[in-house]
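A.B. asks: requesting a structural model of the entry that follows:
(one chain, ligands or ions: 1)
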Amino acid sequence: MLEQTLAIVKPDAVRKKYAGSILARYEKEGFRVRALKMRLLSKTEAEGFYAVHRERPFFGSLVNFMVGGPVVLVVLEKDNAILAHRKLMGATDPAKADKDTLRALYGESIESNAVHGSDSPETARFEIPYFFSTTEIIG
Ligand code: CMP
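C.D. replies: Just a heads-up that it's a prediction; the model follows:
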């Protein structure tokens, strides 16, 4: 089933100039880029985006990390895009991610793990409109 998922190239990967390589990999793996923008998130935006994690001990640090530099926000489309993107990202902790996954290639720690992806259709339905209006999603 054709699906859309939200991908975020996180501040660590943008800072290290990996954004282009990550976008190229998405195209190579057959994802269509339906929307794309670079943003510096506000603290309120990052807190709202990760609200599901607000009780976790790493929440404050995660929010500070996500507002520490620009992110690249992407809507990707493909058959079973959510699962396909999760597989392409690899495990949350880059040290545990399979070889050649984005987090193994570009992540440096469980927090600075290069990319985010929606983890379910329900999450994608929250995350995509969190950053994109319908007119910003093309095709
Ligand atoms: P992400 O897929 O964006 O979803 C939540 C983020 O929280 C996750 O990637 C990591 O960047 C971060 N995270 C998850 N677990 C931990 C942890 N134990 N310590 C620090 N950060 C974490």
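A.B. asks: which stretches of the chain form helices?
C.D. replies: Remark: helices assigned in the chain by DSSP state H are 11-15, 19-28, 43-49, 59-66, 81-89, 102-106, 121-131.
A.B. asks: dump the ones you listed into CSV; add mean neighbour count and mean pLDDT as well.
C.D. replies: Backbone N, C-alpha and C define where each C-beta goes, glycine included. Listed next are the helices of the chain as CSV, based on neighbours: other CB atoms under 10 Å; pLDDT from 0 to 100:
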stretch, mean neighbour count, mean pLDDT
helix 11-15, 20, 98
helix 19-28, 15, 98
helix 43-49, 15, 98
helix 59-66, 16, 98
helix 81-89, 20, 98
helix 102-106, 22, 98
helix 121-131, 16, 98
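A.B. asks: list, one by one, the residues from the protein near the ligand.
C.D. replies: For the chain, the residues in contact with the ligand (CB under 6 Å from any ligand atom) are 53, 58, 62, 92, 110-111, 113, 116.
A.B. asks: select from these the one having the most neighbours.
C.D. replies: Counting neighbours by other CB atoms under 10 Å, Asn113 leads those with 25 neighbours.
A.B. asks: so who does that one touch?
C.D. replies: With contacts defined as CB atoms under 8 Å, 6 or more residues apart in numbering, the neighbours of Asn113 are 10, 12, 92-94, 103, 107.
A.B. asks: dump the helices of the chain into CSV; add distance to Lys37 as well.
C.D. replies: Output for those, formatted as CSV (distance: least, CB to CB, whole Å):
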stretch, distance to Lys37
helix 11-15, 12
helix 19-28, 12
helix 43-49, 13
helix 59-66, 15
helix 81-89, 18
helix 102-106, 19
helix 121-131, 8
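A.B. asks: which of those sits closest to Glu3?
C.D. replies: Closest of the helices of the chain to Glu3 is helix 81-89, at 4.2 Å (criterion: CB to CB).
A.B. asks: can you state the direction angle for that closest one and helix 121-131?
C.D. replies: Counting by axes from the mean of the first three to the mean of the last three CA atoms, to 10 degrees, helix 81-89 lies at 90 degrees to helix 121-131.
A.B. asks: send me helix 81-89 as PDB with only the CA atoms.
C.D. replies: Taking C-alpha atoms only, helix 81-89 is exported to PDB below (Å, rounded to 0.1, in the frame of the first residue of the first chain):
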ATOM      1  CA  ALA A  81       7.100   3.600   3.300                       C
ATOM      2  CA  ILE A  82       6.900   3.600   7.100                       C
ATOM      3  CA  LEU A  83       8.400   0.100   7.600                       C
ATOM      4  CA  ALA A  84      10.800   0.600   4.600                       C
ATOM      5  CA  HIS A  85      12.100   3.800   6.100                       C
ATOM      6  CA  ARG A  86      12.500   2.300   9.600                       C
ATOM      7  CA  LYS A  87      14.500  -0.500   8.100                       C
ATOM      8  CA  LEU A  88      16.700   1.900   6.100                       C
ATOM      9  CA  MET A  89      17.300   4.000   9.300                       C
END
